[in-house]
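> Need a 3D model of the sequence below.
(one chain, ligands or ions: 1)
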Amino acid sequence: MSKSAAALKQQQDLALFENAEHENPLTSLNYHFDLAANLLKLEEELQQLLKQPYRELHVQIPVKMDNGKLQIFHGYRIQHNAVRGPYKGGIRFHQDVDRDEVLALATLMSWKTAIVDIPFGGAKGGITVDPTKLSRRELQALTRGFMSKIDLIVGPQRDIPAPDVNTDEKTMAWMMDEYGKKHGYTPAIVTGKPLALGGSLGRKEATGRGVVFTIVEACRVYGIDLKKSTAVVQGFGNVGSFSAKFLHESGCKVIAVSDVHGGLYDQKGIDIPSLIEHIRLYGSIKGFKGDIITNDEIYKIKSDIVVPAALGGVITASVAKKLECKLIAEGANNPTSKDADLILHKKGIPVIPDILCNAGGVTVSYFEWAQNLQQYKWDVIQVNDELKKVMTKAFGDVYELSKNHSVSLRTAAYMLAIDRVAQATRLRLI
Ligand code: NAD
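Predicted coordinates for the structure are as follows:
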């Protein structure tokens, strides 16, 4: 065993004993980066360059609240890498947003755009705020304040934000409008916009649709019959609800779903389209047929496929030890801790990693950006067909690499992404 392989093995064994429940979001990222970079024999200087972000912006956003008082919010935009194209990544509004989380998510974006081979780099933004506590007017003022503060580093050829947790097409409309005040009509400044403002058909569903494209491919190569399978989905927002909907349409029985308020369980299978309609009408799952479960219980339910589609860090070592599924599809970003990932690998449970699994959203964001630059609109069939091509190819590339190197899908995905970004860096800088 070489020195570096021995060091890695020691690191892996130690990690199994650490069993940390809540790790820093950068821990697993750096771990997976080092593992892939060593296998690629990546030059030391490129390792240093690719582990660091290009630029970090931390801004204060003062907002006059409805009660007349001034409240100061904190926002971040972190640009990780743009050697393959403009920075690209969502904006998150959440009370737990901090610099390390935004940096981790920005880094994931660089790898994600490389895996699906679209001409973007990686960035992420966020504001530390619980948006449910703000009125619509306050939220709009906060969003516009944030956009005006990051204006100096974004642009349709520089950095293009998009929605993420607790932000949506309305948020993007305000951001586009605010940017337009200084720069004129610029729909390509953000993606995930309303259709009437230059959004793309199929964008809203794209991440969930992409998740299910990768699940279909994984089922094919690992011999899982999707039509005879059961699934649980954590998170019932954009990614979770559409992942559940497309799984349901593929013939898979979705037996449990949950959101921040709790969950629903029905062993016979939940009627997902009716649940989506119920939530649209009544605002929550309350009153829908099935047993009410707590958030913690979702990972205790035995199912074939597990789709985390809420926040990061939810699959901890202790959750991983108990999981008995056949496949995990990471709709959320960074849902699996480093230790949990090692445990799942040892248990032989394949994990479709976030940087592959949920890349459908940024892929259709790329289609939206391209349509905006051309002032041209694709029909939804074209969007969905192109998305399927991209996701299927990306899964195939990662799977082949994982077989050839006898590594997990995650390590293979990191290897593919880092190699592509490193190649572009060498061509530009060396
Ligand atoms: P969203 O705001 O639309 O939905 C988030 C969901 O998670 C909500 O249903 C919320 O109730 C639920 N949730 C929050 N805390 C929870 C908890 N403790 N337990 C259970 N559920 C909880 O956000 P989204 O856009 O669907 O994003 C979800 C995840 O997918 C995030 O990790 C995000 O980074 C990732 N992602 C989103 C996109 C996209 O296009 N929107 C693309 C790629 C990755």
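> domain ranges for this protein?
Listed by automatic domain parsing, the domain ranges of the chain are 42-189, 206-357.
> With respect to residue 28, which of the ones you listed lies nearest?
Checking these against residue 28 by CB to CB gives domain 206-357 as the closest, at 4.0 Å. No exception for glycine: its C-beta is placed from N, CA and C like everyone else's.
> Show the end-to-end separation of that closest one, please.
11 Å (CA to CA, to the nearest Å).
> what's around residue 38, how many residues?
Neighbour count of residue 38, defined by other CB atoms under 10 Å: 15.
> on that earlier part again, could the domains of the chain be laid out in a markdown table, adding distance to the ligand and mean neighbour count?
Output for these, formatted as a markdown table (distance: least, CB to the nearest ligand atom, whole Å; neighbours: other CB atoms under 10 Å):
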| stretch | distance to the ligand | mean neighbour count |
| --- | --- | --- |
| domain 42-189 | 4 | 20 |
| domain 206-357 | 2 | 21 |
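> want to throw those domains into a markdown table with mean pLDDT and distance to residue 378?
Converted to a markdown table, those look like this (pLDDT from 0 to 100; distance: least, CB to CB, whole Å):
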| stretch | mean pLDDT | distance to residue 378 |
| --- | --- | --- |
| domain 42-189 | 98 | 14 |
| domain 206-357 | 95 | 12 |
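> Please name whichever of these is nearest to residue 418.
Closest approach to residue 418 among those (CB to CB): domain 42-189, 6.5 Å.
> mind listing the strands for this structure?
In the chain, the segments counted as strands under DSSP state E are 55-64, 70-81, 87-94, 122-128, 159-163, 230-234, 253-259, 262-265, 291-293, 305-308, 327-329, 351-352.
> Quick check: residue 197 vs residue 129, distance?
Distance of residue 197 to residue 129, given as CB to CB, to the nearest Å: 24 Å.
> Check residue 183 too.
For residue 183, the distance to residue 129 equals 26 Å [CB to CB].
> Also residue 353?
Going from residue 353 to residue 129 by CB to CB gives 29 Å.
> now swap in residue 326 and tell me
Residue 326 sits 38 Å away from residue 129, taking CB to CB as the criterion.
> With residue 202 instead?
Distance of residue 202 to residue 129, computed by CB to CB: 29 Å.
> Could you do residue 28 as well?
Relative to residue 129, residue 28 is positioned 25 Å away (CB to CB).
> One more: residue 150?
15 Å.
> just residue 300 next, same as before
Noted for residue 300: a distance of 32 Å to residue 129, by CB to CB.
> With residue 378 instead?
From residue 378 to residue 129 the distance is 34 Å (CB to CB).
> For the nearest residue to residue 395 once chain neighbours are set aside, which residues are in contact?
Leaving aside its sequence neighbours, residue 395 sits nearest to residue 217 (CB to CB, 6 or more residues apart in numbering; 4.2 Å). Listed by CB atoms under 8 Å, 6 or more residues apart in numbering, the contact set of residue 217 reads 391-392, 395-396, 399.
> Name whatever forms a beta bridge with residue 61.
Beta-bridge pairing for residue 61 (DSSP bridges): residue 73.
> Please list all residues in contact with residue 360.
With CB under 8 Å, 6+ apart, residue 360 has these contacts: 206-211, 213, 387, 391.
> Adding distance to residue 97, write the residues you listed out as CSV.
CSV is the format used below for those (distance: CB to CB, whole Å):
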residue, distance to residue 97
206, 23
207, 19
208, 23
209, 27
210, 24
211, 23
213, 29
387, 28
391, 28
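> Return the backbone torsion pair for the spatially most distant residue from the centre of the chain.
Here the chain reaches farthest from its C-alpha mean at residue 68, the gap being 36.6 Å by CA atoms, centre = their mean. As for residue 68, its main-chain torsions (degrees, to the nearest 10) stand at phi 90, psi -10.
> In this structure residue 368 contacts residue 189, no?
No: when contacts are counted by CB atoms under 8 Å, residue 368 is not listed as touching residue 189 (11.3 Å).
> Is it possible to get the domains of the chain out as a markdown table so that each row also shows distance to residue 420?
As requested, the domains of the chain are exported to a markdown table (distance: least, CB to CB, whole Å):
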| stretch | distance to residue 420 |
| --- | --- |
| domain 42-189 | 4 |
| domain 206-357 | 12 |
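> Residue 428 is nearest to which of the ones you listed?
Comparing these by their distance to residue 428 (CB to CB), the top pick is domain 42-189, with 5.7 Å.
> End to end on that closest one, go ahead and measure it.
34 Å.
> swap in stretch 316-328?
13 Å.
> Centre of the chain to that stretch, how far?
Taking the mean of its C-alpha atoms, stretch 316-328 sits 20 Å from the chain's own mean (CA atoms, centre = their mean, to the nearest Å).
> Check stretch 322-332 too.
Offset of stretch 322-332 from its chain centre (CA atoms, centre = their mean): 15 Å.
> ditto for stretch 327-335
Stretch 327-335 has its C-alpha centroid displaced from the chain centroid by 8 Å (CA atoms, centre = their mean).
> Stretch 334-347 too?
17 Å.
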